Each structure stands twice: as C-alpha cells, then as structure tokens.
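# Structure here, sequence nowhere to be found:
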C-alpha cells in the first residue's frame, strides 16, 4: 500500500507538471487536480456500499479513475479559458463552459458505467476484476456530478483578480 501511495503521488505530480506546460499556467492544473478528491469520494462510497475491500485491483481502478476525472476538468477549464480569452468574464466563461461541456462529461461517465457494470456485478470468474470496475464506476459517477458543480466554483475562486483596497474616505 505504501508503494501505491508513492506511485499515486508521483503520478499526480507528473500530471500537474504536464498540465502546467499545456495550460501555461500554474493555477489551471491546480483547479483540475483538485477534482481528484471528488472522484476518490465516489470510489470510497462505492467500495463501502458494495462491501468491497481496497485491493490491488481497486487501486488500479483508482488510477484509471484519476484519468477520467482529470479529463472532465480539462474539458471545462480549457473551454472556459478560450471563452475568457475571447472577452468573456470569468463567470460567464465558466458558466458557458459548464453548459456546453455537460453533455460530453455525462456521456463519457455513462459510457464508462454501462461498459463496466457487467464486470462490477461479477459472477462466473469475473469476481477478481469486480473491485477495479466498482472503483471506476464510483469515481466516474461522483466526479461527473461534482465536477460540474465544484470546478466552476474553484475556477472563479482561483482565477479572479485580487481585490485592491479602496482608498479611505475623508471625513
């Protein structure tokens, strides 16, 4: 488990560094990676509800889930950045990005859930891979829903201009 944790942290750092190069920003990748805990909440809930132990297969599912979650957030942040560069305000840009990208995010999540459901149910030799499928399903569902709510909030919080103090009023 310690090796998995080290690998997971290393993977997150490498993903962050690659996104810094891609976005040319330190803030945007941070917003994207803050959605990973949203997926982990879904994984934990799904494993708990199904009575599945955290195993090597579930850990592999977590790693695969991170890729899905990051993809959801990249879709929204990248589109919002393009809208803001074209003159939209932060709020309008991220709201439009969420509205336009809701369909691809939900369709990707639904495709993952439907494709992995037979494996998650198990039966006839498929029980060994069930923790992997359950972890991905839980993470994909939680991340799809929470990404559409949390990413816009994080985007506005981290991207807004710092407030300048107003000059004191003369009495």
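Noted; the coordinates are in hand. Being a predicted model, the structure only gives us computed values, none of them experimental.
# quick check, distance from the lowest-mean-pLDDT helix or strand in the chain to the centre of its chain.
Ranked by mean pLDDT, DSSP states H and E, the weakest helix or strand in the chain is helix 2-23, scoring a mean of 84. Chain-centre distance of helix 2-23: 14 Å, with Cα atoms, centre = their mean, to the nearest Å.
# do stretch 134-147 as well
Worked out by Cα atoms, centre = their mean, stretch 134-147 lies 9 Å from the chain centre.
# swap in stretch 56-74?
Relative to its chain's centre, stretch 56-74 lies at 9 Å (Cα atoms, centre = their mean).
# quick check: mean pLDDT across it?
Stretch 56-74 comes out with an average pLDDT of 86.
# picking up where we left off before, so what touches the least confident helix or strand of the chain?
The contact list for helix 2-23 (Cβ atoms under 8 Å, 6 or more residues apart in numbering) reads 26, 28-30, 32-33, 36, 56, 59, 62-63, 66, 70, 74, 77-78, 81. Yep, even glycine has a C-beta here, placed from its N, CA and C like the rest.
# any idea which residue sits dead centre in this structure?
Centroid-nearest residue in the chain, with Cα atoms, centre = their mean: residue 69, separated by 3.1 Å.
# ok, and for the helix or strand harbouring it, which residues are buried?
Residue 69 belongs to helix 56-85 when assigned by DSSP states H and E. For helix 56-85, burial by neighbour count (16 or more other Cβ atoms under 10 Å) applies to 57-62, 64-66, 68-70, 72-81, 83-84.
# And the contacts of stretch 128-146?
Stretch 128-146 is contacted from outside by 35, 38-47, 50, 52-55, 57-62, 64-66, 68-69, 72, 105-106, 108-109, 112-113, 116-117, 119-122, using Cβ under 8 Å, 6+ apart.
# Is it possible to mark the buried ones in those?
Buried members of those, scored by 16+ other Cβ under 10 Å, are 35, 38-40, 42-44, 46-47, 50, 52, 57-62, 64-66, 68-69, 72, 105, 108-109, 112-113, 116, 119-120, 122.
# quick check: longest helix of this protein.
For the chain, the longest helix by residue count, based on DSSP state H, is helix 90-121.
# so that helix versus helix 56-85, what angle?
Helix 90-121 and helix 56-85 are oriented at 160 degrees to each other (axes from the mean of the first three to the mean of the last three Cα atoms, to 10 degrees).
# Next, count neighbours for residue 123.
The number of residues packed around residue 123, counting by other Cβ atoms under 10 Å, is 9.
# Show the pLDDT at it.
pLDDT at residue 123 comes out at 71.
# so who does it touch?
If you count contacts by Cβ under 8 Å, 6+ apart, residue 123 has none.
# SS state for it?
Following DSSP: H, G, I helix; E, B strand; the rest coil, the label given to residue 123 is coil.
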